[in-house]
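1. Show me how the following folds:
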Amino acid sequence: MAKKKNIEPLEGEDLIKKVKDLENLTKEEKARACGYYTVTKNGVERVNMMKFLNALIDAEGIQLDGKQNGNGRGGRSASYRISVQSNGNLLIGAAYTKQMELQPGDEFEISLGRKHIHLRQIDREEEEES
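-> Have a look, this model is predicted:
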């Protein structure tokens, strides 16, 4: 049985260009055409979608890993989910206020929808004009 030679997987701009050229193919076909497959002992081609998609993400320059905030401290990261506490309060938490660079005393207008709560920050200049 002749062993099929794997082509070197494309990366970076070459990968992006090839994927755009193959826009009418399925994801699996694009991955195979870009070299993201292996051949098993039995001669069966297996497409490696995770490597292909990760290479595409890297080629596009998208950062999925959380950025370090540089303060050297560990701790929990923001999950973007909160729960109503037993006393009925909703606590947003410091991770979000730091990310938005909020300061003590910053004020918000609360508007309630049918299934949402919208917070709109009130600018100090806007408040003084009223």
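2. which residues of this protein score low on pLDDT?
-> Along the chain, the model assigns pLDDT under 70 to residues 1-6, 65-78, 124-130.
3. Find the centremost residue of it, please.
-> With the centre of the chain defined as its mean C-alpha position, the nearest residue by C-alpha atoms, centre = their mean is Leu64, 4.6 Å away.
4. Helix, strand or coil: sort out that one for me.
-> Put simply, Leu64 is coil when judged by DSSP: H, G, I helix; E, B strand; the rest coil.
5. Spatially, what comes nearest to it if we skip its sequence neighbours?
-> Here the nearest residue to Leu64 in space, its sequence neighbours aside, is Ile57; by C-beta to C-beta, 6 or more residues apart in numbering that works out to 6.4 Å. All C-beta atoms are positioned from the backbone trio N, CA, C, and that covers glycine.
6. Against Leu15, how distant is the one you found?
-> Relative to Leu15, Ile57 is positioned 11 Å away (C-beta to C-beta, to the nearest Å).
7. So for those two, which residue has more residues nearby?
-> Neighbours were tallied for Ile57 and for Leu15 using other C-beta atoms under 10 Å; the higher tally belongs to Leu15 (21 against 12).
8. Spell out the secondary structure type for the more buried one.
-> Going by three-state DSSP, the secondary structure assigned to Leu15 is helix.
9. List phi and psi for the nearest residue to Asn48 once chain neighbours are set aside.
-> Once its chain neighbours are removed from consideration, Asn48 has its nearest residue in Tyr36; the separation is 4.9 Å (C-beta to C-beta, 6+ apart). Geometry field for Tyr36 lists phi and psi as phi -100, psi 70, criterion degrees, to the nearest 10.
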